[in-house]
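Chemist: I would like the atomic coordinates for the input below:
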Amino acid sequence: MAAEVTSSTNPPTSSSTYEADERIAARHAVTLADEKWRTLCTQHASTFVAAERRSVSIQKALQELLIEIEQETKPSVKRVGRALDPNYSTSSAEGNDDEGGEGEEDGDGPIQPASALLADLAEKHRLRRRTLMQHSSLLELLELPSLMDACVRSSLYEDALSIAGFANTLERRHLLENSSGSGQQQQSDTKDGKKQTNEDPQHNKKGDVVAGVVSEIRRREADLRRMLIHRLRQDVTMPQCLEVVTALRRLNGVELERRNNSKSTISIGTAAAADHDLEGVHAAMEMRLQVDFLEARDAWLEGGVTKIGSAQAVAVAASSDKGSSSTSAQAEQILDGIERYRTRCFEIVTQFLAIFRGSFAPSTASSSSNNHHDHSFSLLSMWTARRIQTFLTTLSSNIVTHVNDTATLRDALDSASFFASSMGRVGADFQPLLAPIFEPRLTEMIVGHWTDGLNGMMETLKACRDAGVAGPLFGTETSSSKDGNGGSGYVDDGVEIIQSSRTPAPPRKLLALPPLARFLNAYLGGLNELRRCLLPGAFPAIRSAQGKLVADAKMALQANERSVLTPGLRGEAVRLREVASKMKSEFNNSLEPYMIGCLEVALGSVDYAMEEAKAAALTAEKARIAAEKVKAEKEAIEKAKTEAEALEKAEEEALEKAETEALEKAETEALEKAETEALKKETAERIENDAVSQGADQNEDSAVDNSTEPTQTETDLFDDGDDMYGSD
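Modeler: As a prediction, this is how the structure comes out:
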C-alpha cells in the first residue's frame with residue numbers, strides 16, 4: 001500500500017509521457033480515420049444508396065416470389081391430399097350438392113385420380129430439376145441487364161453493345177419464333193379456337209422471363225445512348241469522338257436488327273416494302289445521329305463561351321490579375337472568348353466532316369444516298385450559319401458594352417477576322433459581316449472624343465460669360481517662323497503649309513485662344529484613335545460627323561457672340577466681346593481648314609489633303625494679294641488725297657505768299673514811289689533852292705558877267721540829255 005502511494009506521489013517518468021504521446025497520436029489517428037471514412041462515405045454515397053435500394057428491391061422480389069410459389073403450390077398440394085385420402089372420396093359423393101359450389105369457388109376443379117396427379121407432379125418436378133441443372137446459365141441470363149448496366153457505367157461500350165445484340169438473338173429465338181409458331185398453328189387449326197385460347201397464356205407465361213430480360217436490356221440501351229450523347233457534350237478528341245459515334249451507329253444497327261426480326265414474321269408479299277422501309281429507317285437514324293451529334297457538340301460549345309464579357313468572368317479575371325484595370329480584364333475576356341469560340345467551332349466542323357462525310361459518298365449509285373449526302377451538308381451549313389449568327393450577336397453586344405478604346409477594338413477585329421478566315425477553309429468565311437459591327441463602334445468612339453471637346457469648350461465659354469471673366473479665354477501667342485525651318489510655315493491668315501512629311505502642323509495662333517486649342521486637342525485625340533484602327537467603311541460616317549461637329553462649333557461660337565453682345569453684361573464685357581469675335585474669325589479662317597486637312601491625312605487621303613492644302617494656300621495667297629492690293633489702293637488714295645490737300649495747301653500758301661509779296665511789292669513800290677517823289681521833291685526843292693541861290697548869285701554876278709555867258713535852266717539840262725541819247 002505504501003509502495004502504491006509512493007508511486008502515485010512520484011513525478012511522471014519518461015515512459016508515462018511516451019504513453020500519453022501515444023494516446024494523443026492514437027486519438028489523432030482515430031480522428032483522421034473517422035474524417036477519411038466520412039469523406040469516403042460522402043464520395044460514394046450514391047453507390048451506397050443504389051446498393052441499398054437494390055437490396056430492398058431484391059427482398060421485395062423474393063417475398064413476392066415466395067407468395068406466388070405458395071399460391072401456386074397450395075392448390076396442387078390440396079388436390080393431391082384429397083386424391084390420396086380415401087375418406088374424402090366417399091364423403092365427397094354424399095355431400096356433392098353442398099360442397100360442389102365451394103369446390104368450384106376454391107378453383108380445385110374435379111378430383112382426378114391419384115396416379116394422374118402424381119404423374120403430373122413428377123413431370124413438373126422433372127422440369128424444375130432440369131431448370132435447376134441450368135441454374136448457372138439462367139443466372140447469367142438474369143444478370144444480363146445488371147451486367148450491361150455495369151458496362152455502361154464503366155464506359156465498356158463494346159461489351160454493352162454485344163449484350164444488346166445478344167438480346168436481339170434471345171428475342172428472335174424465344175419470343176418471335178414462338179409467336180410465329182402460334183400464328184401458324186392458329187391459321188392451320190381455326191376450328192379448335194377454345195384449345196388455342198387455352199394454350200396462348202402458357203406460351204406467354206413461358207416467355208415472360210425472356211421478355212423481361214429483353215425489356216431490361218432495352219432500357220439499358222436507352223441509358224447507353226444517353227451516356228454516349230452526354231459524352232459528346234464534353235471535351236473529346238477526334239479518336240474519342242469517332243469511338244462514340246461508332247458506338248451510336250452500332251446501337252442503331254442493333255435497333256435495325258430488332259426491326260428486321262419483327263418484320264420477319266410478316267408475309268412474303270410485303271418483304272420488298274419492308275426492305276425499303278428499313279432503308280428509310282436507316283437514313284432517318286443516320287440523320288438523327290447527325291442532329292444528336294451537332295446538338296451535343298453545340299452544348300459543349302455553348303458551355304465554353306456563354307461567359308464572354310459577363311460580370312462573373314470579369315471578376316474572375318480581375319481577381320487573377322489584380323494589377324490590371326477592369327477594362328483590360330473585360331477586353332482580355334472578350335479576346336479569350338473569341339479564341340475559344342474559334343477553336344471549338346472549327347473543331348466541331350472538322351469532326352463532323354471527318355466522321356459523316358464518308359457516310360454518304362458522292363460516288364454512291366443510288367439517288368437516295370446523294371440526297372442524304374446533300375442533307376448532311378445542308379445540316380452542317382445550317383448549324384454553321386446559326387453559330388456564326390449567334391457569335392456575331394454576342395460579339396456585337398460585348399463590343400458595345402465593354403470595348404472603349406480602339407486598341408482593344410483592333411485586337412477584337414484581328415481575332416474575329418482570323419476566326420472568319422479559319423472558317424473560310426470549310427466554306428464559311430464571314431469576314432464581310434464583321435464590318436457592320438466594328439465600323440459603327442469606331443465612329444462612336446471617335447465622335448465621343450469630339451463631342452467631349454466641344455462640350456468642354458461650350459462649358460468654358462458659358463462659365464467665363466456667367467462670371468464675367470475673360471482671363472481664361474486669352475493666352476500668349478508664340479511667334480511662328482515663316483521660313484522653311486522644318487518644312488512648315490504659316491501665311492498671314494493662319495492657313496498652314498503642308499510639311500515635307502505630309503503631316504499638317506497646328507496653327508500657333510490658337511495658343512492665344514485656349515478654348516479653341518483644347519477643342520483642337522480633343523479633335524486630334526479622336527483622330528489618333530482612328531489611327532489605331534482604320535476601317536475604310538467608316539469614312540463616310542466620320543466625314544459626316546466631322547461636318548456636324550464643325551457646324552455645332554460654329555453655332556456655339558455664334559451663340560456665345562450673341563450672348564456677350566447682350567446689353568447689361570457684367571464684368572469684362574469689352575474683352576469678352578473682343579475674344580468672342582476673335583474666336584469666331586479664327587475658327588473660320590484657321591481652325592476649320594486645318595481640321596479638314598487633318599481628317600483627310602488621318603483617313604489616308606494624303607494627295608487629296610495636299611491638293612486641298614495647296615488650294616487653301618493658293619486661295620489664302622490670292623486673298624492676301626487682294627487685301628494688299630486693296631490696302632495699296634487705299635494707301636494710294638489716301639496719299640493722293642494727302643498730296644491734293646498738300647497741293648491745295650501749297651497753292652493757298654503760294655497765293656497767300658503771292659498776295660503778301662504783291663502787297664509787300666506794292667507797299668515797296670509805293671514806298672519807293674513815295675521816296676522817289678520825296679526825293680524828286682527834295683531834289684526839286686534843292687534844285688529850286690540851288691536855283692534860287694544860284695539865281696541870287698547870278699543876279700549878283702549878272703551884273704558882273706551879263707555880257708559873257710547866259711545861265712542854263714533845268715529844262716536845258718534835260719534837253720541836253722535827250723540829245724545825248726537820241727543823237728544816234
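Chemist: drop to CA atoms for contacts and neighbour counts, all remaining ones
Modeler: Noted.
Chemist: low-scoring pLDDT stretches of this protein, where are they?
Modeler: For the chain, the stretches flagged by pLDDT under 70 are 1-20, 83-114, 176-207, 262-276, 306-327, 358-376, 474-503, 606-610, 612-613, 694-728.
Chemist: for the helix or strand E659 falls within, which helices and strands make contact with it?
Modeler: Element membership of E659 [criterion: DSSP states H and E] is helix 606-705. Judged by 3 or more CA pairs under 8 Å, 6 or more residues apart in numbering; DSSP states H and E, helix 606-705 is in contact with helix 592-602.
Chemist: so how far is G471 from the residue most central in space within the chain?
Modeler: Residue closest to the average C-alpha location in the chain (CA atoms, centre = their mean): I399, at 2.8 Å. I399 sits 43 Å away from G471, going by CA to CA, to the nearest Å.
Chemist: swap in R425?
Modeler: Following CA to CA, the distance that separates R425 from G471 is 65 Å.
Chemist: and for D429?
Modeler: 59 Å.
Chemist: so for these two, which residue has more residues nearby?
Modeler: Taking neighbours as other CA atoms under 10 Å, D429 and G471 compare with D429 leading, 17 against 11.
Chemist: quick one, phi psi at the more buried one?
Modeler: Main-chain dihedrals, D429, degrees, to the nearest 10: phi -80, psi 120.
Chemist: would you mind measuring from it to E664?
Modeler: From D429 to E664 the distance is 113 Å (CA to CA).
Chemist: check T394 too.
Modeler: With CA to CA as the criterion, T394 and E664 are 111 Å apart.
Chemist: next up, identify which helix or strand P567 is on.
Modeler: Residue-wise, P567 maps onto no helix or strand under DSSP H and E.
Chemist: same question for the one 10 residues further on.
Modeler: Counting by DSSP H and E, the element that carries R577 is helix 573-586.
Chemist: quick check: buried residues in that helix?
Modeler: For helix 573-586, the neighbour count (16 or more other CA atoms under 10 Å) marks A573, R575, L576, R577, V579, A580, S581, M583, K584, E586 as buried.
Chemist: so which of these is the closest to F539?
Modeler: Of all these, E586 has the smallest distance to F539: 26.8 Å, by CA to CA.
Chemist: distance of the closest one relative to R82?
Modeler: 131 Å.
Chemist: ranges for the strands of the stretch 201-350 of the chain?
Modeler: Along the stretch 201-350 of the chain, counting by DSSP state E, counting those that start in this stretch, no stretch forms strands.
Chemist: that one: helices as residue ranges?
Modeler: For the stretch 201-350 of the chain, the helices defined by DSSP state H, counting those that start in this stretch occupy 208-232, 238-263, 271-305, 311-320, 326-356.
Chemist: can I get those helices in CSV with mean neighbour count?
Modeler: Putting the helices of the stretch 201-350 of the chain into CSV (neighbours: other CA atoms under 10 Å) gives the following:
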stretch, mean neighbour count
helix 208-232, 18
helix 238-263, 17
helix 271-305, 16
helix 311-320, 15
helix 326-356, 19
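Chemist: out of those, which comes closest to R465?
Modeler: Each of the helices of the stretch 201-350 of the chain was scored for nearness to R465 using CA to CA, and the closest is helix 326-356 (37.9 Å).
Chemist: re earlier: tell me what angle the helix holding E659 forms with helix 592-602.
Modeler: Relative orientation of helix 606-705 versus helix 592-602 (axes from the mean of the first three to the mean of the last three CA atoms, to 10 degrees): 150 degrees.
Chemist: please compute how far helix 606-705 lies from its chain's middle.
Modeler: Averaging C-alpha positions (CA atoms, centre = their mean, to the nearest Å) puts helix 606-705 94 Å from its chain's average.
Chemist: with stretch 386-396 instead?
Modeler: That offset, for stretch 386-396, works out to 10 Å (CA atoms, centre = their mean).
Chemist: what sits up against that stretch?
Modeler: Stretch 386-396 is touched from outside by F430, L434, I437, with contacts defined as CA atoms under 8 Å, 6 or more residues apart in numbering.
Chemist: next, the second one: phi, psi?
Modeler: Summarising the backbone geometry of L434 under the convention degrees, to the nearest 10, its torsions are phi -80, psi -30.
Chemist: residues near it, how many?
Modeler: 16.
Chemist: what's the answer for T683, then?
Modeler: Neighbour count of T683, defined by other CA under 10 Å: 14.
Chemist: how near is it to S693?
Modeler: Counting by CA to CA - T683 and S693 are separated by 14 Å.
Chemist: again with L224
Modeler: L224 is 186 Å from S693, by CA to CA.
Chemist: same check, this time on V281
Modeler: 186 Å.
Chemist: distance check, L510 against Q546.
Modeler: 19 Å.
Chemist: more crowded one of those two?
Modeler: Legend: neighbour count by other CA under 10 Å for L510 and Q546, higher for L510 (24 against 19).
Chemist: wait, doesn't the more buried one sit right on L516?
Modeler: Yes - counting by CA atoms under 8 Å, L516 is a contact partner of L510 at 6.4 Å.
Chemist: what's the spacing between E347 and M238?
Modeler: Plainly put, E347 is 9 Å away from M238 if you go by CA to CA.
Chemist: cool, and R686?
Modeler: Per CA to CA, R686 is found 162 Å from M238.
Chemist: equivalent analysis for S154, please.
Modeler: From S154 over to M238 (counting by CA to CA), the distance is 21 Å.
Chemist: could you give the angle of the strand or helix carrying F391 to helix 271-305?
Modeler: Assigned by DSSP H and E, F391 belongs to helix 367-402. Relative orientation of helix 367-402 and helix 271-305, computed by the same axes, to 10 degrees: 20 degrees.
Chemist: tell me which other helices or strands whatever helix or strand comes next after helix 367-402 touches.
Modeler: The helix or strand immediately downstream of helix 367-402 is helix 406-424, counting by DSSP H and E. Where contact means 3+ CA pairs under 8 Å, 6+ apart, helix 406-424 is packed against helix 326-356, helix 435-467, helix 514-532.
Chemist: list the buried ones in stretch 646-658?
Modeler: By neighbour count on 16+ other CA under 10 Å, the buried set for stretch 646-658 is empty.
Chemist: can I get it in CSV, CA atoms only?
Modeler: Written as CSV, here are the backbone C-alpha positions of stretch 646-658 (Å, rounded to 0.1, in the frame of the first residue of the first chain):
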residue,chain,number,x,y,z
ALA,A,646,-0.9,119.4,-99.6
LEU,A,647,-1.0,120.9,-103.1
GLU,A,648,-4.1,122.8,-102.3
LYS,A,649,-2.5,124.0,-99.1
ALA,A,650,0.7,124.9,-101.1
GLU,A,651,-1.4,126.7,-103.6
GLU,A,652,-3.2,128.5,-100.9
GLU,A,653,0.2,129.3,-99.3
ALA,A,654,1.6,130.4,-102.7
LEU,A,655,-1.5,132.5,-103.3
GLU,A,656,-1.2,134.0,-99.9
LYS,A,657,2.5,134.4,-100.4
ALA,A,658,1.9,136.0,-103.8
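Chemist: residues in contact with it?
Modeler: Outside stretch 646-658, not one residue touches it by CA under 8 Å, 6+ apart.
Chemist: could you redo the last one with a cut-off of 10 Å?
Modeler: Residues outside stretch 646-658 that contact it (CA atoms under 10 Å, 6 or more residues apart in numbering) are 639-645, 659-665.
Chemist: which two in these are spaced the farthest apart?
Modeler: By the measure CA to CA, K639 and K665 form the most distant pair in the contacts of stretch 646-658, at 36.3 Å.
Chemist: kindly point out which residues are neighbours of both of L510 and L516.
Modeler: M583, E586, F587, L591.
Chemist: who are the contact partners of the last one?
Modeler: Right, the one you point to is L591. L591 touches 494-495, 506-507, 509-510, 516-517, 519-520, 550, 583-585, 597, counting by CA under 10 Å, 6+ apart.
Chemist: of those, grab the buried ones for ChimeraX.
Modeler: To isolate the buried members of those in ChimeraX, using 16+ other CA under 10 Å:
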select :494,495,506,507,509,510,516,517,519,520,550,583,584,597
